[in-house]
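Trainee: My questions concern the predicted model and sequence given below.
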Amino acid sequence: MQIIDEQNQPFIIDLDEIVEQWIWHTWKKTKLLSRYKREDLRITINWKNVTFTQNNIDFCDTSSSYFPRILNRTNFDNKTTNEHLYSFEIKRSTYSTLKILFTHTLHKTQESNMIFHLPQQIKQFYNDLQTEQSIQFGQDTTKEYEIPWNLNSQIRVPSATRII
């Protein structure tokens, strides 16, 4: 399983390690029933008999927090004898993207050596042949969130006043 973090660097989770920890944790709970010691046990995971099923991912975030932000700064300078009324509206959005790549990779490697003996010569040619096949399958999930920022204000500037 591969997760992309904030710096877009892949972070790979080792499933062997997680399964092994779970096995030892379960064994510790029931070790009184076991007739073997931990030193006598060895874990070998046969991944050929494992199937991975990936369901749709549901995201729910109830702990989202809102922070005050300065969207716009402006100055108002009324040098007249009348009151001025200003109205303005600002709309902005912030986007956040979460990307999960779930890949299950199968590798098959085959190596063979070939030796050629040429007739009537004293030469031999050695050659290593190596083929590798890699098949990836899985489902990628991308979730994008939009946080809209809106500001709709009216400002009254009295006569002969400057607002900064």
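Mentor: Received the coordinates, thanks. Numbers count the residues shown, from 1 in each chain.
Trainee: Could you look up the SS state of residue 23?
Mentor: helix (DSSP: H, G, I helix; E, B strand; the rest coil).
Trainee: so what's it up against?
Mentor: residue 43 (C-beta atoms under 8 Å, 6 or more residues apart in numbering). Glycine gets a C-beta too; all of them are placed from N, C-alpha and C.
Trainee: State the distance from it to residue 44.
Mentor: Per C-beta to C-beta, to the nearest Å, residue 23 is found 11 Å from residue 44.
Trainee: repeat for residue 159
Mentor: Distance from residue 159 to residue 44, by C-beta to C-beta: 87 Å.
Trainee: How about residue 82?
Mentor: From residue 82 to residue 44 the distance is 88 Å (C-beta to C-beta).
Trainee: do residue 50 as well
Mentor: From residue 50 to residue 44 the distance is 13 Å (C-beta to C-beta).
Trainee: neighbour-wise, which of the two wins?
Mentor: residue 50 (10 against 4; other C-beta atoms under 10 Å).
Trainee: these two touch, right, residue 155 and residue 86?
Mentor: Yes: the pair residue 155 / residue 86 is scored as a contact, 4.7 Å apart, by C-beta atoms under 8 Å.
Trainee: tell me, what's touching those two both at once?
Mentor: residue 76.
Trainee: From the recorded domain assignment, give the ranges for the chain.
Mentor: 1-51, 56-164 (automatic domain parsing).
Trainee: any chance you could map the strands in this structure?
Mentor: Taking DSSP state E as the test, the strands found in the chain are 2-4, 10-12, 76-78, 84-101, 104-117, 124-137, 140-157, 161-163.
Trainee: what about the last one, average pLDDT?
Mentor: The predicted model gives strand 161-163 an average pLDDT of 87.
Trainee: Neighbouring strands - and their directions - for it?
Mentor: The strands that strand 161-163 pairs with in its sheet are strand 76-78 (antiparallel) (by DSSP bridges).
Trainee: Buried residues in the partner strand, which are they?
Mentor: Buried residues in strand 76-78, counted by 16 or more other C-beta atoms under 10 Å: residue 78.
Trainee: So for it, mean pLDDT?
Mentor: Per-region confidence: strand 76-78 scores 87 on mean pLDDT.
Trainee: all numbers from here: first residue = 45
Mentor: Done: numbering now begins at 45, and the last item shifts to strand 120-122.
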